[in-house]
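Asker: with the sequence up front, the predicted model follows.
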Amino acid sequence: MSSPRKDMSSAEQFHPSGARTRTRSKSKGGRLCTQPPKVALLVETSNAYARGLLGGIISFVRSDGPWNIYLAEHGRGERPPQWLSEWDGDGIIARVENEMISRILSKMRIPIVNLSSRPLLSNAPLVTTDNEAIARLAFRHFAERGFRRFAFCGDDRFVWSIQRGTHFDRLVREAGFECAHYSRKDCHRDGSDAETDAIARWLAALPRPFAVFCCYDARGQQVLDACRRRDIAVPEEIAVLGVDNDDVLCNLAPVPMSSVIPNPMRAGFKAAELLSRMLSKEKVAAEMHFIPPLGIATRQSTDVTAAADPHVAKAARFIRENAFAGIDVGDVVAAVPVARRILERRFRAMLGRTLREEITRVQMQRVAELLVGTDLSLAEIAERVGFKHVEYLTCVFKRETGQPPSVYRAENQPRRRGGDSMR
């Protein structure tokens, strides 16, 4: 079998100062010629998370390369591609999802970085999403909205789904509540009408209102379809939260779906950074690197407050809708037909925080999303979230998160050539 072809974009031909290369051959004049390292990517392109991983790898290559990259069509969990056993390159970044691929990779004497949640390669560093942090974010999102009943709809074929469900269940129980779980039936084909009907029956049997955390957006879309089939109101009766923030899936759902935003760009960048160090003969420990999520994209499926008191629910909704307009507690009180002292007491009793704390929480959550998801300056971010002075925003953000905005951005965004400036 011939070796796979080398796929390079024109941008990857450049050789910036300090780039890592390998010796490949001698020219006719006897001088050594160098070429960039050959790196294979065993990462699927069929979902938003995987494409984010590839985007992070590309970001690293453009700033620290060049690499000669080979990326062939490969589905998640598929059998090893035929070319893999004869790959003559220098390194591999792979989503190692099954034993077949791990057996082949473990025999290869080249640097490998694993981008899967499954630690199937004992001698390779692993970079993965922090599933405990995702579960914590999901629980907090629901708890902040006053939910007291919880459910998890996962897919036990995947380790990351099991991890998310386990952590979510623990957090729910530690708070003194119960968590229902959907058990996938092997007789149902993935995504089939029969499986959606089974989910619908499970949902219909649970006491409402409740919040259901779905292991990823595709499952969340299925849950929303199941709610539609049973005429269950979303989010009034059931609030639904997915993971991956796949814009297409979230907005194609029967009700626009809220979703946890992972940070696959940073994970891909970190994996490429580790491989680059290994290609330079640096000793890199075979340890796990967990990448925390960025936040939650709130859409209609969780845009509700499950409070028994309608005045508390109205106040919470008013804050969510107007927090970036520079509102204060007086504005909230003016929008709710109840005495200020009564509203503040009930709000704190039901949601565990004051009206002022809720305004700040919503603002800082948006600041964090803009710091990582955009290149906006701090002055522009301050204007967008209702702060007149950058200095005050910086103080509040540091007080709430423990980090100044510049540090938070640097730690959660893939590094760019030349760095970022916080103006």
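Answerer: Structure's in. What do you need? Residues are numbered from 1 along each chain as shown.
Asker: residue 103: neighbouring residues, count only.
Answerer: The burial metric for residue 103, expressed as a neighbour count using other CB atoms under 10 Å, is 12. Where C-beta positions appear, they are placed from N, C-alpha and C, glycine not excepted.
Asker: then residue 109?
Answerer: Every residue meeting other CB under 10 Å relative to residue 109 is counted, giving 5.
Asker: how is the chain carved up into domains?
Answerer: Domain segmentation of the chain under automatic domain parsing yields 10-23+32-129+264-291, 131-262+296-302, 310-412.
Asker: can you tell me which residue is nearest the centre of this protein?
Answerer: For the chain, residue 262 is the residue whose C-alpha lies nearest the centre (CA atoms, centre = their mean; 0.9 Å).
Asker: against residue 47, how distant is that residue?
Answerer: Plainly put, residue 262 is 11 Å away from residue 47 if you go by CB to CB, to the nearest Å.
Asker: what touches both of those two?
Answerer: The contact sets of residue 262 and residue 47 overlap at residue 244 (CB atoms under 8 Å, 6 or more residues apart in numbering).
Asker: next secondary structure element downstream of the longest helix along the chain?
Answerer: The longest helix of the chain (DSSP state H) is helix 355-373. Stepping forward along the backbone from helix 355-373, the first helix or strand reached (DSSP states H and E) is helix 378-384.
Asker: which strands or helices does that next one pack on?
Answerer: helix 355-373, helix 390-401, helix 405-412 (3 or more CB pairs under 8 Å, 6 or more residues apart in numbering; DSSP states H and E).
Asker: who's in contact with stretch 116-134?
Answerer: Contacts of stretch 116-134 (CB under 8 Å, 6+ apart): 94-99, 101-102, 105-106, 112-115, 158-160, 163-164, 167, 243, 260, 262-264, 267, 270-271, 274, 284-293.
Asker: pull up the distance across it, start to finish.
Answerer: With CA to CA, to the nearest Å as the measure, the ends of stretch 116-134 fall 16 Å from one another.
Asker: buried sites along it?
Answerer: Of the residues in stretch 116-134, those scored as buried under the neighbour-count criterion (16 or more other CB atoms under 10 Å) are 116-121, 124-134.
Asker: what's the answer for stretch 138-157, then?
Answerer: Buried positions in stretch 138-157, judged by neighbour count with 16+ other CB under 10 Å: 138-139, 141-155.
Asker: pLDDT on stretch 293-300, on average?
Answerer: Per-residue pLDDT values over stretch 293-300 give a mean of 91.
Asker: got any ranges where the stretch 101-250 of the chain has weak pLDDT?
Answerer: By pLDDT under 70, the low-scoring segments of the stretch 101-250 of the chain are 185-191.
Asker: all strands for it, in order.
Answerer: If DSSP state E, counting those that start in this stretch is used as the criterion, the strands of the stretch 101-250 of the chain fall at 112-114, 126-129, 150-153, 179-182, 210-214, 238-243.
Asker: just the C-alphas of the longest one, formatted as PDB.
Answerer: So that's strand 238-243. The C-alpha coordinates for strand 238-243 follow below in PDB (Å, rounded to 0.1, in the frame of the first residue of the first chain):
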ATOM      1  CA  ILE A 238     -39.700  20.900  31.000                       C
ATOM      2  CA  ALA A 239     -36.500  22.900  30.500                       C
ATOM      3  CA  VAL A 240     -34.000  21.300  28.200                       C
ATOM      4  CA  LEU A 241     -30.200  21.900  28.100                       C
ATOM      5  CA  GLY A 242     -27.700  20.300  25.600                       C
ATOM      6  CA  VAL A 243     -24.000  20.400  25.300                       C
END
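Asker: which helices and strands does that strand pack with?
Answerer: Other elements packing on strand 238-243 under the criterion 3+ CB pairs under 8 Å, 6+ apart are helix 131-144, strand 210-214, helix 217-229, strand 258-261.
Asker: now the fifth one
Answerer: When contacts are defined as 3+ CB pairs under 8 Å, 6+ apart, strand 210-214 packs onto helix 131-144, strand 150-153, helix 217-229, strand 238-243.
Asker: returning to that earlier point: can you say which of the strands of the stretch 101-250 of the chain is nearest to residue 53?
Answerer: Residue 53 sits nearest to strand 126-129 of all those, at 8.9 Å, using CB to CB.
Asker: possible to save the helices and strands packed on helix 378-384 as a markdown table with distance to residue 344, mean pLDDT and mean neighbour count?
Answerer: Putting these into a markdown table (distance: least, CB to CB, whole Å; pLDDT from 0 to 100; neighbours: other CB atoms under 10 Å) gives the following:
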| stretch | distance to residue 344 | mean pLDDT | mean neighbour count |
| --- | --- | --- | --- |
| helix 355-373 | 6 | 91 | 20 |
| helix 390-401 | 20 | 95 | 16 |
| helix 405-412 | 30 | 90 | 17 |
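Asker: A helix includes residue 40, no?
Answerer: No - judged by DSSP: H, G, I helix; E, B strand; the rest coil, residue 40 forms no part of a helix; its state is strand.
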